[in-house]
Each structure stands twice: as C-alpha cells, then as structure tokens.
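*Asks:* Kindly generate the corresponding structure for this input.
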Amino acid sequence: MGRHGRRHPFGRGGHGFFGRGAGGDFPGARRLSSQDLQLVILALLAENPAHGYELIKTIEERSDGFYTPSPGVIYPALTYLEEVGHASVAQDGGRKLYSVTEQGKAHLAGNRTTADAILQALSRIGRRMEEVREAFAGVSDLDADASDELQRARHGLKRALRSKHGCDATEARRIAGILDRAVAEIVGS
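*Replies:* Numbers count the residues shown, from 1 in each chain. Model (predicted):
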C-alpha cells in the first residue's frame, strides 16, 4: 500500500531509493520507488522527448554509473505514465518516442522539488562513488598480498558501515570521527 492508502501502480513502493524518513541519502539498495522513478522520467521528458533506452542511459550518466534502471523497470513506468495521461507516445521508426503531456507537466510542477532532489541526490551519490573509484584506481596490483589485504579491509569497512545504517546522530558522529582519524592517518597528516 502506498502513502495515501492506495496500491502502488507497479513494483514495490515504500520509501524508495533515498529512504525518506530514515535520514540519509545513501541507500541500502540501488533502487528508486515507482513514484520516484516516475518523477525522474517526467523531469527528463520535460527536458527532451526520449526513447526508453535513452532514459536508461541518461539516468546512468546523471548518476555517474551508480544507478542504471533496467528495461523491466523503465518500460512499465513509461506505460503507467502513458495510461494516466502524463506521457504520450509516438512511433519513431520501430521505436516509441515518449513526451511529457500538459497533464504530466502539471503533475511535475506540483512535485518539482521532489524530482529535483532525487536528480541532485543521484548526481551527488554518483560523484561520491566516482571519487571512491578514483581513490582506489592507483592501487598497484604488483603486490598481490597487499592488494588482497586492501580489498579485504575495504569490504570490511563497507560491511561495518552497512551494519550501522539508520543509527542515531551520536553514533553517526562517533563513526565520522573514526573515519576522519583514518583519513588523517592514511594521508599522513
């Protein structure tokens, strides 16, 4: 059941990608709720009409590769948006070209703050993930044991942080202090 006592039109609903109500923007899973995905699609269609595959690629690019919705998620969302009158479809060769309708623009306008917040969070998380990838790109595999130890430590840190997801503010500050000390020791400050 949805926030307003109605069933979600497809897929799981709930708090979605950003765990609204949980206080963070780092998800336990790389997934948008159906409503969040619909808003993202409408926002992108308001910029330019697009094919489903183009929407998948645009979302992937905006999140620096962090989130790539599958065709099994995008196409049902597009079908739903068409059924409720928020999107229209035109044949473009052998493919469907989706555009936002006036009704879709009105719905997006009423939810613009949420749509923009989702797009900004996708971008922010993607940038963070890219920074992590860049930080570990210089690690040499010439010493396999050192590389394995670093990999083991990275995975241990990820597990530890995941186990503290949703902790209270005091615990979050304690963890931030530990990470700050580790950073200072790594860079030699």
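*Asks:* what's the neighbour count on Ser123?
*Replies:* Applying other C-beta atoms under 10 Å, we find 15 residues neighbouring Ser123. Heads up, the C-betas are built off the backbone N, CA and C, glycines and all.
*Asks:* And for Lys158?
*Replies:* 10.
*Asks:* did I read that right, Ala90 in a strand?
*Replies:* Yes. Using DSSP: H, G, I helix; E, B strand; the rest coil, the assignment for Ala90 is a strand.
*Asks:* does the residue lying closest to it once chain neighbours are set aside count as helix, strand or coil?
*Replies:* Once flanking residues are discounted, Ala90 sits nearest to Leu97: 4.9 Å by C-beta to C-beta, 6 or more residues apart in numbering. Following three-state DSSP, the label given to Leu97 is strand.
*Asks:* What pLDDT does the model give Leu97?
*Replies:* Note for Leu97: predicted pLDDT of 97.
*Asks:* isn't it right next to Glu82, touching?
*Replies:* No. Between Leu97 and Glu82 there is no contact under C-beta atoms under 8 Å: 11.8 Å.
*Asks:* Find residues that contact each of the two.
*Replies:* Counting by C-beta atoms under 8 Å, 6 or more residues apart in numbering, the shared contacts of Leu97 and Glu82 are Val89.
*Asks:* so after the helix or strand of the chain with the lowest mean pLDDT, what's the next helix or strand?
*Replies:* Counting by mean pLDDT, DSSP states H and E, the chain has its least confident helix or strand at helix 144-163, which shows a mean of 80. Helices and strands here follow DSSP states H and E; after helix 144-163, the next one along the chain is helix 169-187.
*Asks:* So what touches that next one?
*Replies:* Under C-beta under 8 Å, 6+ apart, the answer for helix 169-187 is 161, 164, 167.
*Asks:* Would you mind putting the CA coordinates of it into PDB?
*Replies:* Output in PDB follows, covering the C-alpha atoms of helix 169-187 (Å, rounded to 0.1, in the frame of the first residue of the first chain):
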ATOM      1  CA  ALA A 169      23.100  11.000  15.500                       C
ATOM      2  CA  THR A 170      25.500  10.300  18.300                       C
ATOM      3  CA  GLU A 171      26.600   7.000  16.700                       C
ATOM      4  CA  ALA A 172      26.900   8.700  13.300                       C
ATOM      5  CA  ARG A 173      29.200  11.400  14.800                       C
ATOM      6  CA  ARG A 174      31.300   8.600  16.500                       C
ATOM      7  CA  ILE A 175      31.700   6.800  13.200                       C
ATOM      8  CA  ALA A 176      32.600  10.100  11.400                       C
ATOM      9  CA  GLY A 177      35.300  10.700  13.900                       C
ATOM     10  CA  ILE A 178      36.800   7.300  13.300                       C
ATOM     11  CA  LEU A 179      36.700   7.800   9.600                       C
ATOM     12  CA  ASP A 180      38.300  11.300   9.900                       C
ATOM     13  CA  ARG A 181      41.100   9.800  12.000                       C
ATOM     14  CA  ALA A 182      41.600   7.000   9.500                       C
ATOM     15  CA  VAL A 183      41.800   9.500   6.600                       C
ATOM     16  CA  ALA A 184      44.300  11.600   8.500                       C
ATOM     17  CA  GLU A 185      46.500   8.600   9.200                       C
ATOM     18  CA  ILE A 186      46.300   7.400   5.600                       C
ATOM     19  CA  VAL A 187      47.300  10.800   4.100                       C
END
